[in-house]
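Student: Below: sequence and its predicted model.
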Amino acid sequence: MKVPCTIVHGNQSCSGHIISFLFQAYKRALPVYLPVYLIPALIVHRKGLIKRPFTILAKGLIGTARSSLFLSVYCASAWMWTCFFFRLFKTCNIPMVAMGTFPTGLGLAIEKKSRRMEISLYCLARAIESFFTCIADAGYLPQSRTIKRADVVVFSLSTAIIMHCYAQERDVFRSKYLNVLDWVFGVPPPPCESPRCKDT
């Protein structure tokens, strides 16, 4: 099936559409990531904000800028590769779209190394959901086997696992996530055992 690029970006050229989309996506990503970085900083580093506010806020702003760039590049490159393969093969089909969206994952290199696995797992979950949605829409998944409100079941199981780990396997959490959960549930921070804390 032939689907010209003009259906996606009208009279714009492919390169012009990608550049304009990149800037628009960056503007949309900034307000998404700003609370993601600043709210945990206010919770986890609330004491440190008094001593070194500029360092903590600057770190949050840099993280916001980096993550926003990742998300905008990730989205824009999906259009870029799709246009590239369309112009190369002069056709549009499901395998070609899959080929075009696969290299977009390279944008993950922009992100901080410690966040790459988290984002990969999030994208994997969305990919699995999208895969089964497409199968169901195509009629390959029998309607009788479809579980209603499966998202609620999965969320409940996931929450149960997280709470079990929080209560019994606290060492599996990264320190900042553990601090946030402790703050949410009102658990006082553990006493500092380092020599530096004992001296103070």
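Tutor: Perfect, I can see it now.

Student: helix/strand/coil for the residue nearest the centre of the chain?
Tutor: Centroid-nearest residue in the chain: residue 119, 4.5 Å away (criterion: C-alpha atoms, centre = their mean). Classification of residue 119 using DSSP: H, G, I helix; E, B strand; the rest coil returns helix.

Student: Quick check: the gap between it and residue 179.
Tutor: 21 Å (C-beta to C-beta, to the nearest Å). From N, CA and C alone the C-beta is placed, and that goes for glycine too.

Student: now swap in residue 149 and tell me
Tutor: For residue 149, the distance to residue 179 - C-beta to C-beta - is 33 Å.

Student: for residue 58, same thing?
Tutor: With the distance defined as C-beta to C-beta, residue 58 ends up 20 Å from residue 179.

Student: In terms of neighbours, single out the busier of those two.
Tutor: When neighbours are counted by other C-beta atoms under 10 Å, residue 58 and residue 179 differ, and residue 179 comes out ahead with 18 against 11.

Student: Now the phi/psi pair for that one, please.
Tutor: Dihedral pair for residue 179: phi -60, psi -40, per degrees, to the nearest 10.

Student: Touching, it and residue 42? I think so.
Tutor: No. Residue 179 lies out of contact with residue 42 (C-beta atoms under 8 Å); the separation is 11.8 Å.

Student: Show me the protein divided up by domain.
Tutor: 1-108, 112-144, 147-188 (automatic domain parsing).

Student: looking only at pLDDT, what's the mean for the first one?
Tutor: It refers to domain 1-108. Mean pLDDT, computed over domain 1-108, is 84.
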